[in-house]
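> Coordinates only, no sequence provided:
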């Protein structure tokens, strides 16, 4: 696609429910990243994919968070048993290769946990 | 924790004036990047400066990097109302030969340009 696409753009859920957030990176981009942005914490790195593997998961805040990537393309971030502190904007980004050059970001998913 | 610290946290200027934002960081870096964010959603890459560069220009943007002081500045010249946004610096660390886009972002500067 022309840009990084994320869905849904907004998600409201009840505490304790599971949510799935989707990211469709720019076609041909091998690297994919998830970040989280919240008022108190700023922009936080969550996980990095190179192809379908995740060599760096160091930013996932707890074992309730998981992510996968299939076909070297679409990625899904899953949050189980959501908590109110999970409320944030979840941003996906992709880049063309191994070097730490510029990232292309999607518009994010605003997650609100009630 | 945030690698980059930015100041000011907020900046309000008139159209036509220059805007300068500063960023400091703590560890050795591979490069430093500046991003812009409108309305709290997607970030847009503005400019990248490598650790062996001292100054870089792109249109109305000028970025400097002082690795001895671990600091960078972003200058926007002749600002426009459309420049109103949040601006973030982001550092890509030297990762012992493993380079990838794990960026550490600063807290950002909110720039408001009044017409």
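That came in fine, so what should we check first? Note that the structure is a prediction, hence the values are computed from the model and not measured.

> any idea how far the most centrally placed residue in chain A lies from residue A:80?
Centroid-nearest residue in chain A, with C-alpha atoms, centre = their mean: residue A:34, separated by 3.4 Å. Residue A:34 sits 15 Å away from residue A:80 when distances are taken as C-beta to C-beta, to the nearest Å. Using the backbone N, CA and C atoms, a C-beta is placed for each residue, glycine as well.

> got it, and residue B:21?
Residue B:21 sits 39 Å away from residue A:80 when distances are taken as C-beta to C-beta.

> sorry, back to before: pretty sure the residue nearest to the centre of chain A is in contact with residue A:91, am I right?
Yes - at 7.3 Å, residue A:34 counts as touching residue A:91 under the criterion of C-beta atoms under 8 Å.

> What pairs with the helix or strand harbouring residue B:111, parallel or antiparallel?
Assigned by DSSP states H and E, residue B:111 belongs to strand B:109-114. Next to strand B:109-114 in the sheet, as set by DSSP bridges, lie strand B:10-14 (parallel), strand B:85-93 (antiparallel).

> Include distance to residue A:53 and mean neighbour count when you put those strands into JSON lines, please.
Written out in JSON lines, the entries for the strands paired with strand B:109-114 read as follows (distance: least, C-beta to C-beta, whole Å; neighbours: other C-beta atoms under 10 Å in any protein chain shown):
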{"stretch": "strand B:10-14", "distance to residue A:53": "41", "mean neighbour count": "14"}
{"stretch": "strand B:85-93", "distance to residue A:53": "20", "mean neighbour count": "24"}
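
> can you tell which of these is closest to residue A:111?
Shortest separation from residue A:111 across the strands paired with strand B:109-114 is recorded for strand B:85-93, at 19.6 Å, computed as C-beta to C-beta.

> ok so, going back, residue B:21 and residue A:80: which is more packed in?
residue B:21 (24 against 14; other C-beta atoms under 10 Å in any protein chain shown).

> Would you mind measuring from that one to residue A:32?
Separation of residue B:21 from residue A:32 (C-beta to C-beta): 29 Å.

> And residue B:20, by the same measure?
To residue A:32, residue B:20 is 34 Å away according to C-beta to C-beta.

> follow-up on the earlier one: and the strand holding residue B:111, what's buried?
Within strand B:109-114, the residues that qualify as buried are B:109, B:110, B:111, B:113, counting by 16 or more other C-beta atoms under 10 Å in any protein chain shown.

> try stretch A:16-24
By neighbour count with 16+ other C-beta under 10 Å, stretch A:16-24 contains the buried residues A:19, A:21, A:23, A:24.

> Could you do stretch A:104-114 as well?
For stretch A:104-114, the neighbour count (16+ other C-beta under 10 Å) marks A:104, A:105, A:106, A:107, A:108, A:109, A:110, A:111, A:113 as buried.
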